Each structure stands twice: as structure tokens, then as C-alpha cells.
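**Student:** A predicted structure for the sequence below; I have some questions about it.
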Amino acid sequence: MAKTRFPFQDNVGHVNPNIPAGYTYLAQFVAHDLSVSSSVDEGVDTAIQTVNLRTYPLHLDCLYGYGPSFEPACYELRTAKPIAQRIGWPKTRFRLDAISNEGFVRPDDSSAGPKRDIGRLIEMRGPASVGVALIADVRNDDNAVISQLTALFQLAHNAAMDLLEGGNEPATPATSALNFTIARMALTQAYRKIIRHDLLPRLLSPAIREYYETSDNAGSLTCNPADRFVSAEFAQAAYRIGHAMIREAYLFCGNPPVEHVLSDVLRRNSERNPPKTPHNRDWIIEWSNFFELGETPPRPSGRLEPRYETPLFDDTLFPPVADGKPAGLAYRDLVRSSSGELRKIDAMCQEIAAKDPDLAARSPWLTDRGLRRHAVRKWLEASRANDLGDLADEVVNNPPPVLYFLIEAAAAEDGFRAGPLASVIMAEIFYKALRMERGRRLDGLTPSEAAGRVFGAAIPQSMPDLIRWVDANMSSQDKTYCATDLPLI
């Protein structure tokens, strides 16, 4: 999976013009919003029993957490009231930090300057500095792109609060708390529309997505009764094909834009590199480099095929999980997807055909075992690096699911989106979660009405929509640094 390309019949190369690079990290953010484990183990032992703590997936819990009362370090109170009069008033804005200077020197006042990075804390613990990301889900500081995406959603919430307050401080703490909840409901509603109308059309096989858009049975085909929202096949195999979408380098900001290589992007967070946080100007993203926002096309994501970029094999980033085992993300993915907890590819297809023949009939990849085997063998025979000897037939007949899903995407969809079986597994989870809208009224408002209160009639349905709205409504002070522009787009 390090060197072997799938034998595509075109000259597009290892890029996917169907999916701009930003959606790689939106998909990662969404994964964190679908599931958070009760286990502290981060290895590959899938036998450890864990509990998904997301009771309502896809409701931005990975952004808001349990709210300001339970996670006050993630939020701040914006008020002109004297300190003695602030007791009892809720923190209703996300804490965002001002950027560092060119030498990564933090401003003495972390709110002085353009607040374009997530909140961060650095302290000395013994001989070394320790960094902490002040966000509800620290996985959203996994790399420099997802932390900037988290900051983008935080900016959206803060802009919504500014709009609701209209420049005036609320009269009572209850009014302030109500505004916070309306802003959260509105942003969550927009986020769910973005998933449905922007992310999923790019990720899923069109025939499979079309079926689930009109189906009320999501979650009934591939999920075991013991699954709590997220099936093992989704978490440990189908959704992990997103790792193949990661590029070797990304453009961040400036004209010409500053380019950062993947190994640096992965190391740029509070845990791995606290002295280099908060980000300086060179690490603040102009989102037109990641989404379709301007005349210049954004950098595309990687094409879906059994191929990972070289830094994903780096033993300092992804060390061996046990002595004598290979380093790298690919090995971890293969081991996880080979767990006995996951059903075999043929078994999943047979189950789908038995439970829903109409769905199975949408693609021969769900019914034709020979077609699936031919695709795996075609990839194996594309390079001598794949010479597995006597194991070749076993891989063809019973491939590790994550490997099969990458081959399926390449063979069935030219590597531009997930293949049919992976799409079914993902659609089962996504459409089940999208159907589970909290939907409660608050002060007479439904989530859709709250979104209308913030966004008007044009509720964002795509990432470009949301980014343009944030750009139009955020503070101009957060788009200027040292008297020069620090654009969002």
C-alpha cells in the first residue's frame, strides 16, 4: 500500500478532482462527531469493549462538548460588565486565540490580535513544555488542517452570537443562554445540511446515495443490534478509506501560497509541538485552497486506491503498536479491519441481498462475487511488490475489508468516490444519524426556525456557503494582521 498504484485506464494520476482537499478533513471532523470511545486505548486491540459516548451523533457535540458549564476552558464570556457583576452570566463564545508572530512568540494577551486559532495552553511541567488544546474534543487538534477547520466552526458560532445580540449585551443571563442555544441549533442545522447535500454526494456511490435519500430503513442492514450508531465495519474499515485521500502537501495562505508538507501538517498541534502554537500567519488557512471558493481551483484530495502517502508510514508519527510489528497507519488500518469483529466481504453482500434485494440490485458489486475477486486479483497482479505467494488466493477470496474497500473504490468508481459496498456501510450510519434529529423546540423555535433566525432564508448547504457566510459576518479585526490582510477565503 506504500508504492503500488491501481492500474487505472486514464492519466489523471493520484488526484481526485471530485473531492477538494478540504473534504478529507471535514470527513475526519464528522467522524469525531459520530463517535467517541469510552476507552483510553488507542492501539489496534479491537477486542477491548468500548462505549460510544455520542448519544446524538452529527449534532456538533465534538465542537460544543457538554457546553460552557461543563467545559468552561473552551469558552469565554464577552462583556463590559465589571468582574463583580459577571457572576451567573454564561460563557457564550468559543475561546479563540490570537496568532503568534513569525518567530512563534505568543502575544502576552492571547486575545490581542486576529483570533484565528483554537484556544491553546502551554505550561512548564518539569523540564519540558506541555501543550493543551482548549477544545471539546482534542482529536480535532490532530493536525493543522482539522484544528483550523474547528476554528472555522467556532468563528461561525461566534459570528452567529454577534448577529443575535446585534451589538447589545443581553438584558439577563437567561437571555444570553437562550442566544447561545439558538446559535448552536442554527449552526448544527447548517452542518447537517452540509453533510447531506455536500459531503455525502462527494463520498458515496450515486446509486447507493439515491436509494438512501428515499429510504426509511437506514441502520437495518449492516448494523448489529449491539452497535450503538457506528458499526465495526464502518469505524474499522469503510470510513478508513479516507486515509487514502490525504495528500503529500497542502497550500495554506498567501500569494503565492505557502505550502506545507504532510509530515509538518501532522506534527503541528499542541501535543506534538507546543512551542509552535498558536499558529503563526503561515499556518492560517485561506479556505479557497481547500474548497471551491474562487477562480483558482483548490488542491484536490488523493484518489481512492490502495495507496497511502509516505509520511503515513513514518515511525515517529505512527510508531509500531507492539515490538516487532510494522510502523505506519496502513498496518494499523489493515489489522483493525482484519478483526474477527468484522464480517467478511462476501457475508456482508449476502446479508444485503437477503434483507433488501432492491438495494442489492443497484450494483453488480453487491451480487457478483466473481467481479469482486477479479478486482482484487487485478490489483495484486499490477506490481511485483504485491507478490504474496501462497497467500494470494486467500487475499483474493477473503481480503481485509479496508483493502477491499479501497480496491472497490478504484475499480467501481475510478477512485473518485467510495464503491458500492463501502457506500452502503457508510450510508447506513449517516442516514440513520441524520434521521435522529433532536428536533425539540426551544422557546417555540424548531432547529429549522433557529437556523432561519441566524442565516435567514439562505441556510448554508455546502462548505463554500458556510465559509462565505462566516467571511461576511466575522469581525474585520480577525482578518487583519500587522496592517495587512489575513483573509479567510
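**Tutor:** Thanks, I have it. Numbers count the residues shown, from 1 in each chain.
**Student:** pairing partners for the helix or strand where Ile122 lies, with directions?
**Tutor:** Element membership of Ile122, judged by DSSP states H and E, is strand 120-125. Strand 120-125 sits in its sheet next to strand 128-133 (antiparallel), going by DSSP bridges.
**Student:** please save the CA atoms from whichever helix or strand comes after the partner strand in PDB.
**Tutor:** Following strand 128-133 in sequence order, the next helix or strand is helix 144-165 (DSSP H and E). What follows is helix 144-165, C-alpha atoms only, in PDB (Å, rounded to 0.1, in the frame of the first residue of the first chain):
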ATOM      1  CA  ALA A 144      -3.000  21.700  11.400                       C
ATOM      2  CA  VAL A 145      -5.900  21.400   9.000                       C
ATOM      3  CA  ILE A 146      -8.500  19.900  11.300                       C
ATOM      4  CA  SER A 147      -7.700  22.400  14.000                       C
ATOM      5  CA  GLN A 148      -8.200  25.200  11.500                       C
ATOM      6  CA  LEU A 149     -11.500  23.700  10.500                       C
ATOM      7  CA  THR A 150     -12.500  23.600  14.100                       C
ATOM      8  CA  ALA A 151     -11.600  27.200  14.500                       C
ATOM      9  CA  LEU A 152     -13.800  27.900  11.400                       C
ATOM     10  CA  PHE A 153     -16.800  26.400  13.000                       C
ATOM     11  CA  GLN A 154     -16.000  28.300  16.200                       C
ATOM     12  CA  LEU A 155     -15.800  31.500  14.200                       C
ATOM     13  CA  ALA A 156     -19.200  30.700  12.700                       C
ATOM     14  CA  HIS A 157     -20.800  30.200  16.200                       C
ATOM     15  CA  ASN A 158     -19.300  33.500  17.500                       C
ATOM     16  CA  ALA A 159     -20.500  35.400  14.400                       C
ATOM     17  CA  ALA A 160     -24.000  33.900  15.000                       C
ATOM     18  CA  MET A 161     -23.900  35.200  18.600                       C
ATOM     19  CA  ASP A 162     -22.800  38.700  17.400                       C
ATOM     20  CA  LEU A 163     -25.700  38.700  15.000                       C
ATOM     21  CA  LEU A 164     -28.300  37.600  17.600                       C
ATOM     22  CA  GLU A 165     -27.100  40.200  20.100                       C
END
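**Student:** list the contacts of the strand holding Ile122.
**Tutor:** 73, 97, 106, 129-134, 270, 274-275, 277-278 (C-beta atoms under 8 Å, 6 or more residues apart in numbering). Every residue, glycine included, has its C-beta placed from N, CA and C.
**Student:** between the residues you listed, which sits nearest Ser363?
**Tutor:** Proximity to Ser363 was ranked across the contacts of strand 120-125 by C-beta to C-beta; first place goes to Ala133, at 41.3 Å.
**Student:** could you list the low-confidence segments of the chain?
**Tutor:** Residue ranges of the chain with pLDDT under 70: 1-4, 37-53, 222-228, 384-386, 439-443.
**Student:** redo that, cut-off 80
**Tutor:** Residues of the chain that meet the criterion pLDDT under 80 lie in 1-5, 37-53, 55, 126-128, 222-229, 340, 383-390, 437-444.
**Student:** mind listing what Asp323 touches?
**Tutor:** Taking C-beta under 8 Å, 6+ apart as the test, Asp323 contacts no residue whatsoever.
**Student:** distance check, it against Val138.
**Tutor:** Separation of Asp323 from Val138 (C-beta to C-beta, to the nearest Å) stands at 27 Å.
**Student:** mind listing what Glu95 touches?
**Tutor:** I think there's a mix-up here, since residue 95 is Arg and not Glu. Residues counted as contacts of Arg95 (C-beta under 8 Å, 6+ apart) are 73-76, 119, 134.
**Student:** tell me the buried residues in the strand holding Ile122?
**Tutor:** Buried residues in strand 120-125, counted by 16 or more other C-beta atoms under 10 Å: Arg120.
**Student:** can I get that strand in PDB, CA atoms only?
**Tutor:** Output of strand 120-125 as PDB, limited to C-alpha atoms (Å, rounded to 0.1, in the frame of the first residue of the first chain):
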ATOM      1  CA  ARG A 120      -4.300  26.700  23.400                       C
ATOM      2  CA  LEU A 121      -2.500  26.400  26.700                       C
ATOM      3  CA  ILE A 122       1.200  25.900  27.200                       C
ATOM      4  CA  GLU A 123       2.800  25.300  30.600                       C
ATOM      5  CA  MET A 124       6.000  24.000  32.000                       C
ATOM      6  CA  ARG A 125       5.800  20.600  33.600                       C
END
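**Student:** and the strands in the stretch 351-489 of the chain?
**Tutor:** Counting by DSSP state E, counting those that start in this stretch, the stretch 351-489 of the chain has these strands, from start to end: 480-481, 484-485.
**Student:** tally of neighbours for Gly167?
**Tutor:** Per other C-beta atoms under 10 Å, the neighbour tally for Gly167 reads 6.
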